[in-house]
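Colleague: structure here, sequence nowhere to be found:
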């Protein structure tokens, strides 16, 4: 039986094997929405990935990932823009709901986060026309401030929406947000930010997991839904009240869960999705 | 020779020994501003601590720490308020510039961060009259969002200032912020927040260290100034432009630095203070 409203990010079940094996694992649990990573697609080839997607009627709630715009050298920034254009093309081939963007942090050797943010804005501005032409919305993912230095200098929903407004002042679309509970659950402006994102038609994806106490590792200690402190039902209600009714995409970077068999992880996800999300 | 404008938080040199030993270590390096922890004071007794402070003409840039207001049971919240009143009395005895407050995160078993924030506000409201009577300003320390769950649900300068405004609408004083670069360096509203804090007379303390890339441990991997990505000179300029000219207090929670001799740590701090801060 198909499970509506649940998507699996393939970072969560890498241990299942290649793209095809991860899809098979999801199908065994009734899950037909997924979100793969570019290197997983590259490993089997774009054409074969697309064949699998179409043959199984999969919905791709996102392709992970573009971004990483800041660099000190102009040639490196140009290379990043080219790489993002290729990512857009792949997302279009696969029919993904959006290209998820981790925008990048400080360039190596820099302490100028304002300059990094400007580089992000310029990079987005460069790729937005291509994304629109390809029909692939750009999903800026505001990342937790713990990742501001090395992964994404865009960290708040409000900051992301301001960025969208500058890049798309007429609200023509093609750019919005991938909102992951892990990154933004603590924001005192969360409710207002989600409501604004909905009003402005900017919610492209909704990622879930949980925040563990204690968090032992800055990168790979995300929790299974229900094991942490995020009020997931309240979050979902906010997102839905804001007009987003797409699948909730489970993205859990975790040494613990990564060490368990993919089928056990998926069984737990389905159970938690039904009870705590 | 005395070093102006530099204070040492005693979490940074715990390895030196007890309160008296830490003071002696600072004096050896020309440092006469310090910020001790309550348990360090308790270990030698408040009267003896006060004697040492006065005999050496020390400035206390803060006493660490009060806060931790949220709790599910009313009796536990009342106990926290009593404990904070005792902390205020100790800060008054020692003549500290402020009582630093780590306000507390989610109560165990709770996922309701809005309720926790309300408990913080109620706790602050309860102790503010006592703080004013004792002449000890309350220094709310907005903590990095990575600590929202377990240490402080007040995480942004703007959020902290809004809280101050609600508690002290007439700007009578007695409540403000301890601004630590580690917690807020990434905030896209940082410049505006510091300027507002200065305008409103709310800057009580300024803590420094650095943000390492990568950060290997969420709690105890803070960096020595200059080893990370925070633009410390720019930060100091913002703080000073906002009207705060008190000492910069070095607070480094670090397994690495904690394993080195206190004199070596202090020598490095003095060097970095002169070159990168």
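Modeller: Noted; the coordinates are in hand. Predicted model, so just to flag it, every value in this text is computed and none were measured.

Colleague: would you tell me which residues of the stretch 151-277 of chain A are close to chain B?
Modeller: For the stretch 151-277 of chain A, the residues in contact with chain B (Cβ under 8 Å from any Cβ of the partner chain) are A:153, A:155-156, A:159, A:185-188, A:211, A:213-218, A:228-231, A:234. Any C-beta I mention is one placed from the backbone N, CA and C, and that applies to glycine too.

Colleague: go again using 7 Å as the cut-off
Modeller: A:155-156, A:159, A:186, A:188, A:211, A:213-215, A:218, A:229-231 (Cβ under 7 Å from any Cβ of the partner chain).

Colleague: and which of those is nearest residue A:14?
Modeller: residue A:218 (19.1 Å; Cβ to Cβ).

Colleague: which element is that closest one on?
Modeller: Residue A:218 is part of no helix or strand, with elements assigned from DSSP states H and E.

Colleague: that one touches residue B:212, doesn't it?
Modeller: No - between residue A:218 and residue B:212 there is no contact under Cβ atoms under 7 Å: 10.6 Å.

Colleague: where does the stretch 1-150 of chain A have low pLDDT?
Modeller: Applying pLDDT under 70 to the stretch 1-150 of chain A flags the ranges A:1.

Colleague: for it, what lies in contact range of chain B?
Modeller: Checking the stretch 1-150 of chain A against chain B by Cβ under 7 Å from any Cβ, the hits are A:106, A:111-113, A:144-146, A:148-150.

Colleague: neighbour count added to these, as TSV?
Modeller: As requested, these are exported to TSV (neighbours: other Cβ atoms under 10 Å in any protein chain shown):
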residue	neighbour count
A:106	25
A:111	20
A:112	16
A:113	24
A:144	23
A:145	26
A:146	21
A:148	24
A:149	24
A:150	19
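
Colleague: what about the residue nearest the centre of chain A, is that helix, strand or coil?
Modeller: Chain A has residue A:100 as the residue nearest its centroid, 4.6 Å off, counting by Cα atoms, centre = their mean. What DSSP: H, G, I helix; E, B strand; the rest coil gives for residue A:100 is strand.

Colleague: same question, residue A:24
Modeller: Assigned by three-state DSSP, the conformation of residue A:24 is helix.

Colleague: wait, residue A:89 sits on residue A:133?
Modeller: No - Residue A:89 is beyond contact range of residue A:133, at 10.3 Å (criterion: Cβ under 7 Å).

Colleague: helices of the stretch 151-277 of chain A, start to end?
Modeller: A:157-167, A:181-184, A:190-199, A:232-241, A:255-258, A:262-275 (DSSP state H, counting those that start in this stretch).

Colleague: same question for the stretch 1-150 of chain A.
Modeller: A:19-28, A:38-44, A:46-55, A:74-94, A:113-134.

Colleague: centre of the chain to stretch A:170-184, how far?
Modeller: Using Cα atoms, centre = their mean, to the nearest Å, the distance from the centre of stretch A:170-184 to the centre of the chain it belongs to is 10 Å.

Colleague: which residues does the closest residue to residue A:168 other than its chain neighbours contact?
Modeller: Nearest in space to residue A:168, with sequence neighbours left out and distances taken as Cβ to Cβ, 6 or more residues apart in numbering or on different chains, is residue A:175 at 5.2 Å. Residue A:175 sits next to A:128, A:137-138, A:164, A:167-168 when contact means Cβ atoms under 7 Å, 6 or more residues apart in numbering or on different chains.

Colleague: out of these, who's nearest chain B?
Modeller: Distance ranking of the contacts of residue A:175 against chain B, using Cβ to the nearest Cβ, places residue A:164 first at 14.0 Å.

Colleague: neighbours of that closest one, how many?
Modeller: Using other Cβ atoms under 10 Å in any protein chain shown, residue A:164 has 23 neighbouring residues.

Colleague: pLDDT wise, what is it at?
Modeller: Looking at residue A:164, its pLDDT is 98.

Colleague: that one: what's it in contact with?
Modeller: Residues in contact with residue A:164 (Cβ under 7 Å, 6+ apart) are A:175-176, A:202.

Colleague: go again with 6 Å.
Modeller: A:175, A:202 (Cβ atoms under 6 Å, 6 or more residues apart in numbering or on different chains).

Colleague: for whatever residue of the stretch 151-277 of chain A ends up closest to chain B, which non-adjacent residue is closest in space?
Modeller: Chain B sits closest to residue A:186 of the stretch 151-277 of chain A, with a gap of 3.6 Å, by Cβ to the nearest Cβ. Leaving aside its chain neighbours, residue A:186 sits nearest to residue B:148 (3.6 Å; criterion: Cβ to Cβ, 6+ apart).

Colleague: from memory that neighbour sits against residue A:185, does it?
Modeller: No - the criterion here is Cβ atoms under 6 Å, and residue B:148 misses it with residue A:185 at 8.0 Å.

Colleague: for chain B, what's its nearest residue on the stretch 1-150 of chain A.
Modeller: residue A:148 (3.6 Å).

Colleague: check the burial of residue A:86 by counting its neighbours.
Modeller: Around residue A:86 there are 12 residues (other Cβ under 10 Å).

Colleague: repeat that for the one 4 residues further on.
Modeller: Neighbours of residue A:90 under the rule other Cβ under 10 Å: 22.
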